[in-house]
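Q: structure for this input, please:
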Amino acid sequence: MSKLSLENATVKICSRCIYDERVPSINFDSDGVCNYCHQLDNLVQLYGTGQEAGEKKFKGIVEKIKQAGKEKKYDCIVGVSGGTDSSYLLHLTKIWGLRPLAVHYDNTWNSAIATMNLHKVLNALDIDLYTHVISNKESDDLYRAFFRAGVAELDACSDLAYAYLLRQVASKYSIKFILEGHSFVEEGITPLGRNYFDGRYIQSIHRQFGSIKLETYPLMTLGRFLYAAIFSRVQFIRPLWYIQYSKENARKFLSEEFDWKYYGGHHLENRLAAFSHGVYLPEKFDADMRNNTLAACARNGALSREDAWEAYNAPRVIEQELVSYFKKRLEITDDEYNQVMDTEPKDWTEYPTYKRHFELLRPVFYVLAKFELVPRSFYLKYCFPVKERP
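A: The predicted model follows:
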């Protein structure tokens, strides 16, 4: 089979990455470069990413972390999943002389590889782990509710729970810094289209389609979010936004140093996320999230645009029996599964959310993002109106 050519593509594609006109809220300048490339360029300039300026800025942050954590058992929190970035970040904290507490949100869908990876790294580095495990029944009820709602954000409840859990643990141990392993250079920032989540959205979906009371699920309401950001004043730091970082090199190091195993792709360390990214989003919403990482690879030169475009259009690698596992675990019949997958997709804008609140509070969130009390990616994605999709 011949390579899929950029020149023969039937959609308009960014001249620098591989985002095309189907990406939500995209536009192109006179040179054909998309607004997301410009957004990331601005972040590189702001953070000094991978440059002397960025390294210097982050060195100052490390000193602040050490000062704030004096006479405490832990001076920072690292959110961990067993994936590449968070695993490597644990290693870096030791290099920097920090005393982290690793925090993991277990949605009970972790792959065996991710679990083994996590414990291999933690044991080797002698880092303590704090894990919150949601009830199996609650976890499945949430996922079943989102599936029946027909919206794209199938695993949104895990993303939000993870973010709130980090803040809860920081408060419990009086820790003022949370470190998160995300690199916009390696992964980009997912455009806000069909990937929205907030506490009100999760509540509204679960009230309509769920069936049991949530008692172990850590729900971050708007009030809890603002309280944690304004009053607890825990800083949310993404070290990989400052320093030079290569996911490929990190993966190689982890493998050699800790016998860490690669799980096959971005987010594939969790079986629910693997189903969402590999099956649900592509088949129901015609949305392939692989373009985030592949576009980033094209921007940073890890792949040529031609190779990135070919990889994006190549068949997805899906775990055997993954769909069967999803249906069996959530007690969804073949008929119901097919009905949901064949029904017209629903959109997050059709349900109650905090989105309008975020827009109205944009000046507040601008200041909070400036002082890293909320992630800047949240400010960029959630605090501005979204263009309607055609």
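Q: list the residues that contact the residue most central in space within the chain.
A: In the chain, the centroid-proximal residue (CA atoms, centre = their mean) is Asp159; its distance is 6.9 Å. Asp159 is in contact with Phe197, counting by CB atoms under 8 Å, 6 or more residues apart in numbering. Every residue, glycine included, has its C-beta placed from N, CA and C.
Q: that one: helix or strand, and which one exactly?
A: Assigning secondary structure by DSSP states H and E places Asp159 in helix 156-172.
Q: what does Val323 give?
A: Assessed by DSSP H and E, Val323 sits inside helix 322-329.
Q: same thing with Gly223?
A: helix 222-227.
Q: ok, and for the helix or strand just after that helix, which residues are buried?
A: Counting by DSSP H and E, the next helix or strand C-terminal to helix 222-227 is strand 235-237. Residues 235-237 are the ones in strand 235-237 that count as buried (16 or more other CB atoms under 10 Å).
Q: is it possible to export those residues to TSV including pLDDT and distance to Asp334?
A: Output for those, formatted as TSV (pLDDT from 0 to 100; distance: CB to CB, whole Å):
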residue	pLDDT	distance to Asp334
Gln235	93	48
Phe236	91	43
Ile237	95	46
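Q: from Ile61, how far off is the closest residue to Arg376 other than its chain neighbours?
A: In space, Arg376 comes closest to Ala369 once its chain neighbours are excluded; the distance is 4.6 Å by CB to CB, 6 or more residues apart in numbering. Look at Ala369 and Ile61: by CB to CB, to the nearest Å, they are 15 Å apart.
Q: the more surrounded of the two?
A: Set Ala369 next to Ile61 and count neighbours by other CB atoms under 10 Å: Ala369 wins out with 20 against 17.
Q: for that one, what are phi and psi?
A: phi -70, psi -40 (degrees, to the nearest 10).
Q: please tell me how far it sits from Lys381.
A: In this view, Ala369 and Lys381 are 11 Å apart by CB to CB.
Q: and if you look at Ala124?
A: Ala124 is 35 Å from Lys381, by CB to CB.
Q: so which of these two has more stuff around it?
A: Legend: neighbour count by other CB under 10 Å for Ala124 and Lys381, higher for Lys381 (19 against 15).
Q: contacts for the helix or strand containing that one?
A: Per DSSP H and E: Lys381 is located in helix 376-382. Here helix 376-382 makes contact (CB under 8 Å, 6+ apart) with 39, 43, 182, 184, 189-192, 196, 198, 355, 358, 362, 365-366, 368-369.
Q: kindly report the same for stretch 233-250.
A: Stretch 233-250 is contacted from outside by 43, 47-50, 54-55, 57-58, 61, 65, 84-85, 87-89, 92, 167, 170-171, 175-187, 228, 302, 371-375, using CB under 8 Å, 6+ apart.
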